[in-house]
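Colleague: sequence and predicted structure, then a few things I'm wondering about:
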Amino acid sequence: MKTFYIETFGCQMNVHDSEKVIGTLVTQGYSQVDTPEQAELVFYNTCSIRDKAEQKVFHRLQQFKKEHGKGKTFAVLGCVAQQEGEKIFEKAPHVSLVCGSASYNQLPQMLVQLAAGNRRVTGLSLDTEDTFETPFARRDNPHRAYLTIIEGCDKSCAYCVVPFTRGPERSRTSASVMTETRQLEDAGYTEIQLLGQNVNSYRDPSPAGWDFAALLRNMGQAPGIRRVRFTTSHPRDFVKDIVDAIDEHPSLCNHVHLPVQSGSTRILEAMQRMYTRDEYMRRIEWMRNARRPIAISTDIIVGFPGETEADFDATLGLLDEVKFDSIFGFKYSRRPNTPALNLEGQIPEEEKVRRLAIVQEKQRAIQLERHVGYVGVVEECLVEGFNQATGQWIGRTSQNKTLNFLRTDSSEVLAGRYVNVRVTRAGPNSLAGECVN
Ligand code: SAM
Ligand code: SF4
């Protein structure tokens, strides 16, 4: 039996793509090992969203350069593969397979070519209407399952490589999504996380023609599924009907990740985000008026070309106004092929560092203030595991907050169960409490 090792960089989409790649390899007779040293085939599933992520991959490949010709086969998958293409063979001659995510459904044929001794195998076409569907995905988490509903991206944000690396938007049929949901229920999963670069741009290509809210309503009625999450939502396609669906179905988690990127309408326009600050705020208002309090998280980019102090202040003002439950803050990174690459007004690195630190400090205070409001409240948690170091169970609330708790009356294994926990303490990044059932 041939052995393989896979390391994954980047987002949840990549993590789940790797689960599908692993499933495909295992059904082709390969067996997974824990280190690259033990493996005949070494896969890197890569991310190129920011320069740092891309450099990590070349650093990894460099470490194994001397293995060239010693019987190991190296493969680069994902966004760096798509972006750099055959140039990877020049930079790292020990690589034999370069394959972007839009070509993963041809992996079995590519494995055959590799096994036949072909040392330059590529899968770089973006010209596909297919999604990477496999009944063999190997999921690591026994309770929560990722489920892709839409791949690629049809937007063209000025800073972003995704439309070039993941190709055009392709939605799965609603029948295929619901079939996989039933399979996951049967396999004992209780939480499903729907995935897509813009999950809410979902549009069923079959005659049923469901939009994202219709899909959510159907997922919300799946009998064995207690929680449905979804990420990432694009503000432009975020309609009020999504909030109505969350209101109607308690199993649809009351958490929405809605990346704003900037609080300045001028910068949003330069970023080609297709919404204004006011339009974004309208979506926040819909969520604030929901029956259950919806936790809202976001992504912020600081130092986009031309971002003035006034623009940056507008982002800080937006943080104050919305009081997000959490944020991912990024320094703008210049990416190949993107419209913003050669824009004037690039911001010096030290200034980006300074702005990011200010954003993070402000947000930390906001999160602490928000979390203090949970003290005394009882929250249902899905138990994710036990932290030996602190002696606490790790739980996750529907709002996607980490709630660590003690349970003194029993040494039962709780992982995968749903328990009620009273919050007793609050920190900026997590809550702590005591189990009440
Ligand atoms: N499709 C989602 C959306 O539009 O909101 C986001 C997907 S993207 C993979 C994840 C995040 O990476 C973005 O929301 C953005 O904040 C960040 N990002 C993307 N390109 C970036 C760049 N060139 N520099 C810094 N951050 C970037
Ligand atoms: Fe990138 Fe914009 Fe597409 Fe999101 S919507 S993946 S940020 S191009």
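Modeller: Perfect, thanks for sending it. Ligands and ions are numbered 1, 2, ... in the order given.

Colleague: and after the top helix by length along the chain, which helix or strand comes next?
Modeller: Looking across the chain with DSSP state H, the single longest helix is helix 349-372. Note on helix 349-372: by DSSP states H and E, the next helix or strand toward the C-terminus is strand 378-387.

Colleague: need the contact partners of that following strand.
Modeller: With contact meaning C-beta atoms under 8 Å, 6 or more residues apart in numbering, strand 378-387 is reached by 143-144, 190-191, 226-227, 392-399, 401, 403-405, 414-423, 431, 433, 436. The C-beta positions use only the backbone N, C-alpha and C, and glycine is treated the same way.

Colleague: show me which residues of the stretch 1-150 of the chain sit near ligand 1.
Modeller: The stretch 1-150 of the chain has residues Cys11, Ile49, Arg50 near ligand 1, with proximity defined as C-beta under 6 Å from any ligand atom.

Colleague: about what we covered before: can you confirm whether the longest helix of the chain lies near ligand 1?
Modeller: No - Helix 349-372 lies apart from ligand 1 when judged by C-beta under 6 Å from any ligand atom; the minimum separation is 9.5 Å.

Colleague: what's the distance between Leu431 and Arg422?
Modeller: Using C-beta to C-beta, to the nearest Å, Leu431 is found at 10 Å from Arg422.

Colleague: more neighbours, those two?
Modeller: Of the pair Leu431 and Arg422, Leu431 is the one with more neighbours under other C-beta atoms under 10 Å, namely 24 against 16.

Colleague: beta-bridge partners for that one, please?
Modeller: Each beta-bridge partner of Leu431 is listed here: Leu403, Ala426, as defined by DSSP bridges.

Colleague: just the pLDDT for it.
Modeller: Per-residue confidence for Leu431 comes out at a pLDDT of 98.

Colleague: next one: Gly69
Modeller: Note on Gly69: pLDDT of 59.

Colleague: where does pLDDT dip in the protein?
Modeller: In the predicted model of the chain, residues 1, 67-69, 408-411 satisfy pLDDT under 70.

Colleague: what parts of it come near ligand 2?
Modeller: Going by C-beta under 6 Å from any ligand atom, the residues of the chain near ligand 2 are Cys153, Lys155, Cys157, Cys160, Val162, Pro163, Gln197, Asn198, His234.

Colleague: in ChimeraX, select just the buried ones from the residues you listed.
Modeller: Here the buried members of the residues of the chain next to ligand 2 are turned into a ChimeraX selection, burial being counted by 16 or more other C-beta atoms under 10 Å:
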select :153,155,157,160,162,163,197,198,234
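
Colleague: from the residues of the chain next to ligand 2, which land in helices?
Modeller: The subset of the residues of the chain next to ligand 2 located in helices under the criterion DSSP H comprises Val162, Pro163.

Colleague: greatest separation within the residues of the chain next to ligand 2: which pair is it?
Modeller: Pairwise distances across the residues of the chain next to ligand 2 (C-beta to C-beta) peak at 12.6 Å, for the pair Pro163 and His234.

Colleague: need the residues touching each of the two.
Modeller: Contacts common to Pro163 and His234, judged by C-beta under 8 Å, 6+ apart, are Lys155.

Colleague: list the contacts of the nearest residue to Gly123 once chain neighbours are set aside.
Modeller: The shortest distance from Gly123 to any residue other than its chain neighbours is 3.1 Å, reached at Ser103 (C-beta to C-beta, 6 or more residues apart in numbering). With contacts defined as C-beta under 8 Å, 6+ apart, Ser103 is in contact with Gly123, Leu124, Ser125, Thr128.

Colleague: the residues of the chain next to ligand 2 also near ligand 1: which ones?
Modeller: Under the cut-off given by C-beta under 6 Å from any ligand atom, ligand 1 has Cys160, Val162, Gln197, Asn198, His234 from these close to it.

Colleague: related to what we said a few turns ago, in a markdown table: the residues of the stretch 1-150 of the chain next to ligand 1, plus neighbour count and secondary structure.
Modeller: Written out in a markdown table, the entries for those read as follows (neighbours: other C-beta atoms under 10 Å; DSSP: H, G, I helix; E, B strand; the rest coil):
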| residue | neighbour count | secondary structure |
| --- | --- | --- |
| Cys11 | 19 | coil |
| Ile49 | 20 | coil |
| Arg50 | 18 | coil |
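
Colleague: quick revisit: looking at this, the residue nearest to Gly123 is in a helix?
Modeller: Yes - assigned with DSSP: H, G, I helix; E, B strand; the rest coil, Ser103 falls within a helix.

Colleague: is it true that Met274 lies in a helix?
Modeller: No - with the criterion set as three-state DSSP, the secondary structure at Met274 is coil rather than a helix.

Colleague: what about the residue lying closest to it once chain neighbours are set aside, neighbour count?
Modeller: Taking C-beta to C-beta, 6+ apart as the measure, Met274 lies nearest to Arg236, with 4.6 Å between them; neighbours along the chain are not counted. When counting by other C-beta under 10 Å, one arrives at 16 neighbours for Arg236.
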